[in-house]
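Trainee: Take this sequence and fold it.
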Amino acid sequence: MGIDRNAPIFVISVAAELAEMHPQTLRQYDRLGLVSPSRQRGRQRRYSQRDVDTLREVQRLSQEGVSLEGIKRILELENQVNALRSRVQELTAELEGTRRQSGTETSRVFAAGLAGDVVTLARGKRPRPRSQALVVWRPHS
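Mentor: Numbers count the residues shown, from 1 in each chain. Next comes the predicted model:
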């Protein structure tokens, strides 16, 4: 059993050593919101393994010439992508559960009716057209 990557276990000096940075750099990154460690009693910062990995990524991007604002935006977008992937997995599992529960994979089909409304159809069926009066326009001669 490995350690929990999200467990805040490292004090700032240990986290700085693991990330190969100066502790003051970690404080600066905390102020900028690049890495947000947990706080213990007395406001002491505690870093997780995930925080240390993020610090290494910040360092790598910085060495490649990305500004700190750019790095912050990249990290925000990566977090957003991870959250969306997680949500897609949840929804996929929910959909599969619903399909298993209903006993069929595609029990309903939806289509747009002629009036723009949404209609439910049996699979393989099309919406029935409503009878419409035929209007013929003839110019006066």
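
Trainee: burial count for residue 84?
Mentor: 10 (other Cβ atoms under 10 Å). From N, CA and C alone the C-beta is placed, and that goes for glycine too.

Trainee: Could you identify the helix or strand that succeeds the one helix or strand it maps to?
Mentor: If you go by DSSP states H and E, residue 84 is part of helix 68-102. Going down the chain from helix 68-102, the next helix or strand is strand 109-112, by DSSP H and E.

Trainee: Can I get that following strand in PDB, CA atoms only?
Mentor: Provided in PDB are the C-alpha atoms of strand 109-112 (Å, rounded to 0.1, in the frame of the first residue of the first chain):
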ATOM      1  CA  VAL A 109     -34.800   7.700 -29.700                       C
ATOM      2  CA  PHE A 110     -35.500  11.400 -29.800                       C
ATOM      3  CA  ALA A 111     -36.200  13.500 -32.900                       C
ATOM      4  CA  ALA A 112     -37.300  17.000 -33.700                       C
END
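
Trainee: Which pLDDT value does the model give the most centrally placed residue in the chain?
Mentor: Closest to where the C-alpha atoms of the chain average out (Cα atoms, centre = their mean) is residue 84, at 2.2 Å. On the pLDDT scale, residue 84 is placed at 97.

Trainee: try residue 117
Mentor: Here the pLDDT value assigned to residue 117 is 80.
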